[in-house]
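> Compute the structure for the input listed below.
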Amino acid sequence: MGDSLERLGSEASMATETGIKSDLCLEIDPPPLNETVATAEDWRRALDKVVPAVVVLRTTACRAFDTESAGASYATGFIVDKRRGIILTNRHVVKPGPVVAEATFVNREEIPIYPVYRDPVHDFGFFSYDPSAVQFLSYEEIPLAPEAASVGLEIRVVGNDSGEKVSILAGTIARLDRDAPHYKKDGYNDFNTFYMQAASGTKGGSSGSPVIDWQGRAVALNAGSKTSSASAFFLPLQRVVRALSFLQKSIDLCTAKPKAVHIPRGTLQMTFVHKGFDEIRRLGLRAETEQVVRHASPPGETGMLVVDSVVPSGPADKHLESGDVLVRVNGTVLTQFLNLENLIDDGVGQIVELQIERGGQPLTVNVSVQDLHSITPDHFLEVSGAVIHPLSYQQARNFRFPCGLAYVADPGYMLFRAGVPRHAIIKKVANEDISCLADLVSVLSKLSRGARVPLEYMSHTDRHRKKSVLVTIDRHEWYAPPQLYTRNDSSGLWDVKPAIEPAAVSPSIDINDLPISQNIPLCHHDTDPMPEVRGVTDPAATMGASSGDGSHNDFGSEAKKQRVEDDSSDGTVSNASLYGSELKSDDAMATDNTVLRDFEGATAFSANASLAERAIEPALVMFEYDLLIEITVLAKEVSEPALQRGDSVYLVGLSRNLQATSRKSIVTNPCAALNIGSADSPRYRATNMEVIELDTDFGSSFSGALTDEQGRIRAIWGSFSTQIKYSSTSSEDHQFVRGIPVYAISQVLEKIISGGNGPTLLINGIKTPMPLVRILEVELYPTLLSKARSFGLSDEWIQILVKKDPVRRQVLRVKGCLAGSKAENLLEQGDMVLAIDKMPVTCFNDIEAACLTLDKGSHSDENLNLTILRQGREMELVVGTDKRDGNGTTRVINWCGCVVQDPHPAVRSLGFLPEEGHGVYVTRWCHGSPANRYGLYALQWIVEVNGKKTPDLNAFADATKELEHGQFVRIRTVHLNGKPRVLTLKQDLHYWPTWELRFDPETALWRRNILKALK
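So this is what the prediction gives:
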């Protein structure tokens, strides 16, 4: 597992002169012969000394920050100071943001390590460790010898190459003057330095490896490689030696509590490149200047430094331009990066005199040297999953924006939902200018939860235009309140405190006090606010996230149908995630519509889901009528008679951009059975359901209601999602729209209106008893009678079923039973359901009607008497039914960055629950968490914690409350495929406290409770 920055993907974007210069190298006098000729024994002795001092680093970036994303990776480091406990590695390994890391020695001893310094520009950094923690290994530090690097020097790269723990790669240094490698346009890149190059063929995981000579000295630091060849790139060690010296002195002066190390670093906020004299002449360099430079430079000098770019609003802005040739600094001729950097680092806060030539004209400019650490972000704001911090020098150079602007390192939930991308620069919020992070915090402190305000941002990919979106200020219960993290170099951690004082936070908006221009972000199984146009809502907003497997879907392609293009739709589909998981959400999530309008006016209203059946697709929604003051809601008569083939219907609804639209069409199939297979990651999908097909394909972006000519609603035109699998590793989500007959909804709707016999739920301020829906937890699919005959169905039963339903001419077969249901172990895959209580069954509605009859009966029988056909034999079975309240998941726990809950129906429909206990199912995990670091991924159950059984969430919560910060935990899991596994995991309560979400039916809100955190 390697860091993404360890590989140089492409250098095609580099200037043409790079290709020309690739044949050049810095010629220097070779060292004496006796120092370059090494025997195999010499290398053996050197490696015996070096290998014990090389460590494998397992690093976890706990949050996205600056150029890095959250995640876990492996790399390499080596001991450069044994007494003080200092490890040298790359900057992109140490990470600019919060990081948790361990070092593993060659004897597999593991010790915790802490970052003490990461260079703002160059690719090196230091970890510290407690030397006394290494008890069973004898090792020595590796000395640094930057002066020993030379062209032709035979070297060895020792490190964790390709995850092999210890690899030794041979090579020969070919160049000392290679340009710094360019990794990516929006990520970390080194600059203002030369690199070394050798054909050692390093791969991922070898970042931070020492490049040693035959005497066991480190002559360079491995940093990256080119994937298209065997070339590897090494960072020279001169600046590393300087930083290490400051670090050692700081540690020696510290007698008690460790303190942050200050290593002086200066900057002009500009980038130089080294170009040859021939090219510089073409830029206008005068002949007399060239003679002066050649005479004052060391023998063999091949070129000069030329300005490549200047960061806007930096010290050099308005003074220097791209193409300026640097001649002197403070009167001294400088042609090398190292000499220039030494002068700037020693002159922080001073004025330097730069003599340049611009197009052949000599100029002298005075530039102030800025403290480089002052423009290196050391704090960030975390709000609703978003990470925002001042724009760093690295990204300011990449994007050509001034340093310090409010930069989105991770949009999280709130910003992603509004369409704000990663790397965005926030310019305005609520019409107030945002010039820095403090401005953003000030504006957020004035906004109430649920407020919808405009946000203006810029993107480096479209830097000349600003974009405006509406963002809902979502301080939802499943996120902690806005927090400000600040780097503490003394402890190696990032201290956290509330970003907004509780007294400054505006109170949450009550549903009855909400202005018309705002709407409340709702909880997990609630739906987002939906538009209303003359009584018709937008089903696409509530159903667009349902999912399944497209391998058995009959609705994927309809080329013969007339297609009506919706020119008003932008075709944009947003998919927000609570966490940065690689897996799809296990539960359906509603999409948000930020602009609400129709032909008469615009309004937004609050809605909350009252019941969502797990057997059918739609969710029933209750909303506040008092909020609809501009639109008269027309109560449509719900028509019970089913539609027939050939009936004319009108599709009345909203397009994707919420334009009211009406289209006429003809019913081609009023009872098409849905057959959506399971997705790669279990998620909600409609089962045991018939839908309506029309002769016109209106596209997946258009939804609404199907009405007849009298204006009666006959069906809901809703969207479904399926997964099309191209191979075992490749799949794609596909959305299609079909009609949902009203009889699939009306029965449950009547129970809600009349009052149910289940738990109460707060709806519009009134406690309403919700119905308990009785269902047969079996997934069925129809088979044509002509095909069923081949499976042994008798002609007698065929005649009975045809007489019962001459239109469908089908029989229902069992696809599977939900694990843990009363039908499990009774019905088998392939069983044909012929009758219930001697009444023939031909469609899903017959099953639902039989379950409804049980509820209406005076007796308390909960069983159905089924007549089935199994492998050609007719059988009578008594099968139990189950009752569900429709609330779905009501409790989740976030522990070590993984979210656990009771298995939802999409998991149970796969037919497996572990015998050891199935109440703690890992539904997703977070990047940069301990779960990510140690491999506790989704699709498995936690059945034991330190030997204690965890059959349910209560037992799991009790077991984890006893665990302390930094404690290793032994857990036993069972995967969805039935495979058991035991792994250890280190709890991190600093960045990942344990908390739970509970749905409170008394308030219809989710409540976030901290179960375990650092005090």
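> how about the helices of the stretch 601-750 of the chain, start to end?
Secondary structure of the stretch 601-750 of the chain, counting by DSSP state H, counting those that start in this stretch: helices at 743-754.
> Tell me who's in contact with L963.
Residues near L963 by Cβ atoms under 8 Å, 6 or more residues apart in numbering: V945, N946, V969, Q987, K1012. (C-beta placed from N, C-alpha, C; glycine too.)
> Please apply the same query to K427.
Shown in contact with K427 (Cβ under 8 Å, 6+ apart): D433, I434, E456, Y457, M458, K466.
> Let me know the helix or strand that the fourth one is in.
If I follow you right, that is Y457. Element membership for Y457, per DSSP states H and E: strand 452-459.
> rewinding a little: buried subset of the contacts of L963?
V945, V969, Q987, K1012 (16 or more other Cβ atoms under 10 Å).
> which non-adjacent residue is nearest the first one?
When you say that, I think you mean V945. For V945, ignoring the flanking residues on the chain, the nearest one in space by Cβ to Cβ, 6 or more residues apart in numbering is A959 at 4.1 Å.
> now the strands for the stretch 151-300 of the chain?
154-159, 167-179, 194-198, 210-212, 218-225, 232-235, 266-267, 270-276 (DSSP state E, counting those that start in this stretch).
> what would the ones you listed look like in TSV with distance to S309, mean pLDDT and mean neighbour count?
Below are these laid out as TSV (distance: least, Cβ to Cβ, whole Å; pLDDT from 0 to 100; neighbours: other Cβ atoms under 10 Å):
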stretch	distance to S309	mean pLDDT	mean neighbour count
strand 154-159	32	93	23
strand 167-179	14	92	19
strand 194-198	18	93	23
strand 210-212	29	96	29
strand 218-225	21	93	28
strand 232-235	21	92	28
strand 266-267	13	96	24
strand 270-276	5	96	20
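> So which of these is nearest F416?
Minimum separation from F416 across the strands of the stretch 151-300 of the chain (Cβ to Cβ) falls at strand 218-225, 30.5 Å.
> In PDB, list the C-alpha atoms belonging to that closest one.
Extracted C-alpha coordinates of strand 218-225, given in PDB (Å, rounded to 0.1, in the frame of the first residue of the first chain):
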ATOM      1  CA  ALA A 218      22.900   8.400   3.400                       C
ATOM      2  CA  VAL A 219      23.800  10.500   0.400                       C
ATOM      3  CA  ALA A 220      20.200  11.300  -0.600                       C
ATOM      4  CA  LEU A 221      16.500  10.700   0.300                       C
ATOM      5  CA  ASN A 222      14.300   8.700  -2.000                       C
ATOM      6  CA  ALA A 223      11.200  10.800  -2.900                       C
ATOM      7  CA  GLY A 224       9.500   9.600  -6.100                       C
ATOM      8  CA  SER A 225       9.700   7.700  -9.400                       C
END
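> from the chain's centre, how far out does that strand sit?
Mean C-alpha position of strand 218-225 versus that of the full chain (Cα atoms, centre = their mean, to the nearest Å) differs by 31 Å.
> Just to be sure, I800 is in a helix?
Yes. Under DSSP: H, G, I helix; E, B strand; the rest coil, I800 falls within a helix.
> got JSON lines for the strands of the stretch 151-300 of the chain, with distance to F127 too?
Formatted as JSON lines, those follow (distance: least, Cβ to Cβ, whole Å):
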{"stretch": "strand 154-159", "distance to F127": "15"}
{"stretch": "strand 167-179", "distance to F127": "21"}
{"stretch": "strand 194-198", "distance to F127": "22"}
{"stretch": "strand 210-212", "distance to F127": "14"}
{"stretch": "strand 218-225", "distance to F127": "14"}
{"stretch": "strand 232-235", "distance to F127": "17"}
{"stretch": "strand 266-267", "distance to F127": "24"}
{"stretch": "strand 270-276", "distance to F127": "28"}
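> For V387, which of these is the nearest?
The nearest among the strands of the stretch 151-300 of the chain, by Cβ to Cβ, is strand 266-267 at 24.4 Å.
> Pairing partners for the closest one, with directions?
According to DSSP bridges, strand 266-267 forms sheet pairs with strand 370-371 (antiparallel).
> picking up where we left off before, and the buried ones among the contacts of L963, which is closest to D346?
D346 has its nearest neighbour among the buried ones among the contacts of L963 in Q987, at 45.0 Å by Cβ to Cβ.
> quick one: the closest one from S662, how far?
Per Cβ to Cβ, to the nearest Å, Q987 is found 58 Å from S662.
> ditto for E962
Distance, E962 to S662, by Cβ to Cβ: 62 Å.
> same thing with R463?
Noted for R463: a distance of 42 Å to S662, by Cβ to Cβ.
> Same question for C817.
Counting by Cβ to Cβ, the gap from C817 to S662 is 43 Å.
> same question, L852
For L852, the distance to S662 (Cβ to Cβ) stands at 34 Å.
> Looking only at neighbour counts, state which of the two leads.
Neighbours per residue (other Cβ atoms under 10 Å) separate L852 from S662, with L852 holding more: 14 against 11.
> correct me, but the more buried one touches S746?
No. In this structure, L852 is not within contact of S746 by Cβ atoms under 8 Å, at 11.7 Å.
> What subset of the contacts of K427 is buried?
For the contacts of K427, buried by 16+ other Cβ under 10 Å: I434, E456, Y457, M458.
> Could you point out which of the strands of the stretch 151-300 of the chain sits nearest F78?
The nearest among the strands of the stretch 151-300 of the chain, by Cβ to Cβ, is strand 210-212 at 4.6 Å.
> Give me the residue ranges of the stretch 201-350 of the chain where confidence is low.
255-258 (pLDDT under 70).
> Give me the distance between the nearest residue to G71 once chain neighbours are set aside and R683.
Nearest in space to G71, with sequence neighbours left out and distances taken as Cβ to Cβ, 6+ apart, is H927 at 4.9 Å. H927 sits at a distance of 20 Å from R683 (criterion: Cβ to Cβ).
> same check, this time on A823
From A823 across to R683, the span is 22 Å (Cβ to Cβ).
> Pick out whichever of those two has more residues nearby.
Higher neighbour count among A823 and R683: R683, with 24 against 21, using other Cβ under 10 Å.
> Phi and psi next, for that one.
Note on R683: backbone dihedrals following degrees, to the nearest 10 are phi -150, psi 170.
> That one and V907 touch, don't they?
No. Checked against Cβ under 8 Å, the pair R683 and V907 is beyond contact range at 9.4 Å.
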